[in-house]
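Enquirer: take this sequence and fold it.
(2 chains)
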2 protein chains.
Amino acid sequence: MVSSYLVPTRTYAGRPGVYERQNDPVGQYPRLGACPDEHACIFPPDVTQFLPGAYFDLRVELHAYDKNTNHPAPAPFQHFETTIRREDGPWMDVNDFFGIVENKQPALEYWNFTWADSAQVFYAEPLGTNKKPIDVNVSSRVWRKLKFDEPGTYDVSVRYSPTEAYTVRYSVVQPRKPKRKAKNAILFIADGCNIGMITAARAIARKHTSGKFVEGLLTFEDFDNLGHIITHSIDGLVTDSCNSASAYATGQKTSIKALGAYVDSSKSHFDNPKMEQITELIRRRQPGKSIGIVTTANVQDATPAAFYAHSRTKKVPEAITDQIVHGVPQWVLGDNQGVAPDVLMGGGAEYFKGEKSLNGTDYYALLRDKYQYQVVMDKHQLKDYHDQDKLLGIFRTGLLDVWLERNVYVNNTVNNGAAPDLSGADASGSDQPGLDDMTLKALEVLKKRGGEDGFFLMAEAAAVDKRLHNLDFPRAYAELIEMDMTIKKTIEWLKNNGEYEDTLILFTADHSHAFDVFGTVDQNLMDSQSSSKDMRYAVGVYERSGWPGYINQDPYGFPDNWDPRIALAGGSNNGPDHFEAWKLSDRPREATILQDEDNEMVSYANKADKAGGYGKGLLWNGNVPVKYDTEVHSMADVAIYSNGPGSDLFKKTIENWSVFFKMTEALGLQEYPTATDNNNSEKKL
Amino acid sequence: MVSSYLVPTRTYAGRPGVYERQNDPVGQYPRLGACPDEHACIFPPDVTQFLPGAYFDLRVELHAYDKNTNHPAPAPFQHFETTIRREDGPWMDVNDFFGIVENKQPALEYWNFTWADSAQVFYAEPLGTNKKPIDVNVSSRVWRKLKFDEPGTYDVSVRYSPTEAYTVRYSVVQPRKPKRKAKNAILFIADGCNIGMITAARAIARKHTSGKFVEGLLTFEDFDNLGHIITHSIDGLVTDSCNSASAYATGQKTSIKALGAYVDSSKSHFDNPKMEQITELIRRRQPGKSIGIVTTANVQDATPAAFYAHSRTKKVPEAITDQIVHGVPQWVLGDNQGVAPDVLMGGGAEYFKGEKSLNGTDYYALLRDKYQYQVVMDKHQLKDYHDQDKLLGIFRTGLLDVWLERNVYVNNTVNNGAAPDLSGADASGSDQPGLDDMTLKALEVLKKRGGEDGFFLMAEAAAVDKRLHNLDFPRAYAELIEMDMTIKKTIEWLKNNGEYEDTLILFTADHSHAFDVFGTVDQNLMDSQSSSKDMRYAVGVYERSGWPGYINQDPYGFPDNWDPRIALAGGSNNGPDHFEAWKLSDRPREATILQDEDNEMVSYANKADKAGGYGKGLLWNGNVPVKYDTEVHSMADVAIYSNGPGSDLFKKTIENWSVFFKMTEALGLQEYPTATDNNNSEKKL
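Expert: Residues are numbered from 1 along each chain as shown, chains lettered A, B, ... in the order given. Below you'll find the model as predicted:
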């Protein structure tokens, strides 16, 4: 027992607290969130919440450095005490508290890095001067696979000198029983879909008379409840998909670029402190339940990976592929055991075998032979699959092609050499499934496998985000409309299969783009002008906006035309230099060109950009660092539409991390201890 | 009885249907919504909904023209039949149906106008060539002050040749009794406030720890329910505040720029077909209820005026001022009788007396002497007012000054000569009330006057919109935070005065701006760079965004600093040429300069713009017609937060016009007929 410390609530603002690690291909090691203290970091950070019995790693880092001398760094902190208390009770050594016997107590680890404060880094980066790297010696301990059994308040403190200590406060929530338990949950995520996108998709996909949507809104707009989600990361206003999907999956915000793990300063991507995912909790507490993960991106991309992988970065797709079945060491499902979803579908074939796969492993063969998966590689095989085995569907290398390439511009997929068997053959757009095909098959398999225990499915429309990054608005609209059609078909399937009343359905996004529509563009007028000033008169705003010329014979489907004379004039508020004429590009838009100039990457407007009018559109000057060749995310809250048992938990404005708590409540996953909790080895409080 | 016609559901898309009236200072007469037919227009348009007993005007127009010959126009249509039927019953002459005796039947009116189709207009406008105006001869009839007494479906048809007719379908809703009647309703409108703005205001006004808002969100985010509102007008994607406030006030979308009226093609601004406002319905059905209208803009501005005025345009502020007490002819409260709100507060003093007032009338004197108003002209008089009389508070000419000018940069109000008595003295920022001052005093007066009958209050924060138009982001944030503080104080007042449980509180916006935040800007770095390319490195995105440097000692108030080194980097996706450095301007921002060049108005980036870095920020190229010197509205749905009895009507996604129906339901205003309905003269169905 040691002396007690006060627990301040700390608000840290500004960028000066963001530090950059040198020579790190992954990017920054941020100090703002988990290391507000001058020297100490504690992961998980202050004000983290936990479910009783959910696992996490605890890491403490001490940073020895001297801002004035820069280098060499002072000797690392050797002596620091990590203590914990519950409900303002007595402080205990953390090993004692968790009943960790002496030979299992973590050893001190050491490493070093150099950093510069953000002002210097940002100033210096483009100019290559003025950097003053500061050496840091790190000493650290990590406690793996801890859990709290009892609800309440827990303080963790690290004292590293007689006068210096840093303390964080956690709360372990009271487990909540659902009012009506959801047997199944489906989490639909349209990546990067802000409210401006939803408004735009509705405007082109739904009929209107006298300005009213007379035949209904988008399918998900009929859901029982509507809420907003706040998307920030621990240490950044504007999140990426890794942090946001991790927050949904684990109940804990992390730093940008991290999956199911906090970002410590160590060099390894995989030794970072982890948090338990809802899929892992399902495997432990409701082992009969089946799990599906479906995406139109690579299955190793941020959103799907956040539901089975733990890594400091998504930029290790080969390792993430391995984690599908093997997981990470010292973690909750046992060594060499990953979530191994019952259904996994998407792109990213190049990491399943061949030179890009981990150690050249053939994961198709491994999953088929050792883990009883069946593997399908095109939409015909997918359609014909009716067995009860686990299902892996990988349909091409890289991202799946989008709706326009699969249905209108199929020729764009000729010579892509993207066949998922890596034969070098094509993965034709007409052979790739849509999100609806994948989702409906996933439901069929998940129901067979989950039976009375139900299922959990995450299905992602990734190209809303990816096409918005490239300012390819029509392809983003189409992806969102395809998501809406998928939701419509899902509801029909659920009703036809007697599962509708027992299924929580969520539709949300993970972050915004600053996309909105401010008028219409008359393409004929745009085409007939040559000066920017005259082209600007082709843009109609307010009463001159009218309604765009999309036609909808099918009141619930895609518009019949994608390139009307009167098209939406919209866009983002940020991005690289580009031309904008709001044309439909007959191939996926490439608005910018990125060039290496004396080791500095610089983006330029692409004069051959077909949506930019072959260089004839309005020139949009970039306002993000020139190395970015795409538009970037924004921070506006996203909407969450919810339906079915538990959906009333998702109304009003909530934070991204709370989605995990609400999903686990609805699914009855908070009950603890349960018969299936493998919690024998840990001390119960 | 005449033959029956089919009722098609019509969807009209594209801009070609928007027509421009020549020589009309107000702007376009749009044909898209109410005139989809080649020759016939019917106002109200197809698919309009009505409350039983709510009044409206019915206008039929016939347009005689020949697109090929252009001019002269053919003779006007002289013979057309207007018929109506209920529930697919027999068609009746509209006069017979409404029991209009022969000498009261409306006469045929005639006028003419010229128009050109939008393609020609938009092409021609900047270049001054190529216009081919088409002459149109109009014949029209208008039936004033009609109402439907019985719920059901009504078709109105105009047959203008043996083979040509145009038919619209209305529905009269079944009156709904509230589950629990709201005695009071408060409608807070933050004009132009999109969800990106709410996210930004929260980020700078609320404390966060580890990226979580540990001391709560904005006040209105605690409300019982959250919904979205679709904002389009009849004939345009992107609305202005006139149409949207009218939709809230009347239950009927109209065209952009119109207040409580449809836009017919006649030359008068005041003979347009009108619809009844909720305030008028209150005066008729709950005459004991008190009505308040409060704004930080002119009281004649779009949002406040939509709750008492009927006009084809807001650009007649002198006439709108007159309508406060005098109303419009042939309308529901009787001749020479307007809504005369119990409380009216805001700016716009210049139309209350002197050379800009209607016929030089002194409306201060008129309201004081004839309508028993007391008049206050600064915040001290406002504070000291404790009587029970009607209250007019007019605090300066033009818009009220915003929070930064009233609290930080008070010197900016020196020499404004804006005293509301038109004496030429100043209206000092320190003497003007804030939205909170006005709202709390309004509540005090409304409660005294409404007593057991309760009150209806509309309170608008206008400068979110007005400052966003000028890209003056900090002043827009402050206005929204002031609105939030006003809501917090309102709730306290309601609780202290025993009204909280009986009050429906709504907070919403009327339309969006395409505002969002995509990172932060390091002002020191921005200042130290000279090239655009280097300045762009001062913008931090994703993990480099960090958190901005605003400090919040008061967890529920304004930030303590408005110009931190690390500031939000945000903006809109449209607007005129301007420089952007995200600085706090020490006076209201003027980002552009508008110049008259050979009779064409052209906007340029203002090099003296203090938020644009004195011309040194990043150059943003315009993408709207060059005559616009401000950023324009966008179409993303807005949020509506609702609390108290009836608030569950406002969850999910709804259309703007339905807000009227939901408010009237909550307030018990739909019950019909009531003892106070002055419906004796009209035939009951």
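
Enquirer: which residues does A:Ala203 contact?
Expert: A:517, A:547-548, A:550, A:568, B:232, B:237, B:635 (Cβ atoms under 8 Å, 6 or more residues apart in numbering or on different chains). Every residue, glycine included, has its C-beta placed from N, CA and C.

Enquirer: any idea which of the residues you listed is closest to A:Arg141?
Expert: Minimum distance to A:Arg141 across the contacts of A:Ala203 is 52.7 Å, recorded for A:Val517 (Cβ to Cβ).

Enquirer: that closest one: what secondary structure?
Expert: What DSSP: H, G, I helix; E, B strand; the rest coil gives for A:Val517 is strand.

Enquirer: that one and B:His232 touch, don't they?
Expert: No. When contacts are counted by Cβ atoms under 8 Å, A:Val517 is not listed as touching B:His232 (10.6 Å).

Enquirer: who touches both of those two?
Expert: A:203, B:238, B:635.

Enquirer: tabulate the residues you listed (JSON lines), appending pLDDT, secondary structure and distance to A:Val168.
Expert: Converted to JSON lines, the shared contacts of A:Val517 and B:His232 look like this (pLDDT from 0 to 100; DSSP: H, G, I helix; E, B strand; the rest coil; distance: Cβ to Cβ, whole Å):
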{"residue": "A:Ala203", "pLDDT": "95", "secondary structure": "helix", "distance to A:Val168": "47"}
{"residue": "B:Val238", "pLDDT": "96", "secondary structure": "coil", "distance to A:Val168": "47"}
{"residue": "B:Met635", "pLDDT": "98", "secondary structure": "coil", "distance to A:Val168": "44"}
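
Enquirer: next secondary structure element downstream of the longest helix seen in chain A?
Expert: In chain A, with assignment by DSSP state H, the single longest helix is helix A:473-496. Per DSSP states H and E, the first helix or strand lying C-terminal to helix A:473-496 is strand A:503-508.

Enquirer: who are the packing partners of that next one?
Expert: Packed against strand A:503-508 by the contact rule (3 or more Cβ pairs under 8 Å, 6 or more residues apart in numbering or on different chains; DSSP states H and E) you find strand A:184-190, helix A:473-496, strand A:638-643, helix A:658-666.

Enquirer: quick one: strands adjacent to the longest strand along chain A?
Expert: Ranked by number of residues, the top strand in chain A under DSSP state E is strand A:134-146. Neighbouring strands of strand A:134-146 in its sheet, by DSSP bridges, are strand A:56-64 (antiparallel), strand A:109-117 (antiparallel).

Enquirer: are the helix or strand that that strand is followed by and chain B in contact anywhere?
Expert: Next helix or strand after strand A:134-146 toward the C-terminus (DSSP H and E): strand A:152-159. No. Strand A:152-159 does not reach chain B (Cβ under 8 Å from any Cβ of the partner chain); its nearest approach is 13.2 Å.

Enquirer: and the angle for strand A:152-159 with strand A:134-146?
Expert: Angle of strand A:152-159 versus strand A:134-146, following axes from the mean of the first three to the mean of the last three Cα atoms, to 10 degrees, is 140 degrees.

Enquirer: what pairs with the helix or strand that strand A:152-159 is followed by, parallel or antiparallel?
Expert: For strand A:152-159, the following helix or strand on the C-terminal side (DSSP H and E) is strand A:165-172. Paired with strand A:165-172 in the same sheet, following DSSP bridges, are strand A:49-50 (parallel), strand A:152-159 (antiparallel).

Enquirer: can I get those strands in JSON lines with mean pLDDT?
Expert: Output for the strands paired with strand A:165-172, formatted as JSON lines (pLDDT from 0 to 100):
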{"stretch": "strand A:49-50", "mean pLDDT": "98"}
{"stretch": "strand A:152-159", "mean pLDDT": "96"}
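
Enquirer: so which of those strands gets nearest A:Ser531?
Expert: strand A:49-50 (57.4 Å).

Enquirer: re earlier: out of the helices and strands packed on strand A:503-508, nearest to chain B?
Expert: Closest to chain B of those is strand A:638-643 (Cβ to the nearest Cβ; 7.2 Å).

Enquirer: counting by contacts, list what that closest one packs against.
Expert: Against strand A:638-643 (3+ Cβ pairs under 8 Å, 6+ apart) you get helix A:195-205, strand A:225-230, strand A:503-508.

Enquirer: average pLDDT across the last one?
Expert: Throughout strand A:503-508, pLDDT has a mean value of 98.

Enquirer: which residues touch the residue of the stretch 51-200 of chain A found nearest chain B?
Expert: With Cβ to the nearest Cβ as the measure, A:Gly196 is the residue of the stretch 51-200 of chain A nearest to chain B, at 3.9 Å. By Cβ under 8 Å, 6+ apart, the residues touching A:Gly196 are A:514-517, A:570, B:512, B:514, B:634-636.

Enquirer: got a pLDDT number for it?
Expert: pLDDT for A:Gly196: 98.

Enquirer: check contacts around A:Ser658.
Expert: Under the criterion of Cβ under 8 Å, 6+ apart, the neighbours of A:Ser658 are A:Gly251.

Enquirer: flag the shaky bits of chain A, pLDDT-wise.
Expert: A:1-33, A:116-132, A:675-685 (pLDDT under 70).

Enquirer: domains for it, by residue range?
Expert: A:18-172, A:187-515+A:634-666, A:518-620 (automatic domain parsing).

Enquirer: and among the ones you listed, the most buried is which?
Expert: domain A:187-515+A:634-666 (a mean of 23; mean count of other Cβ atoms under 10 Å in any protein chain shown).
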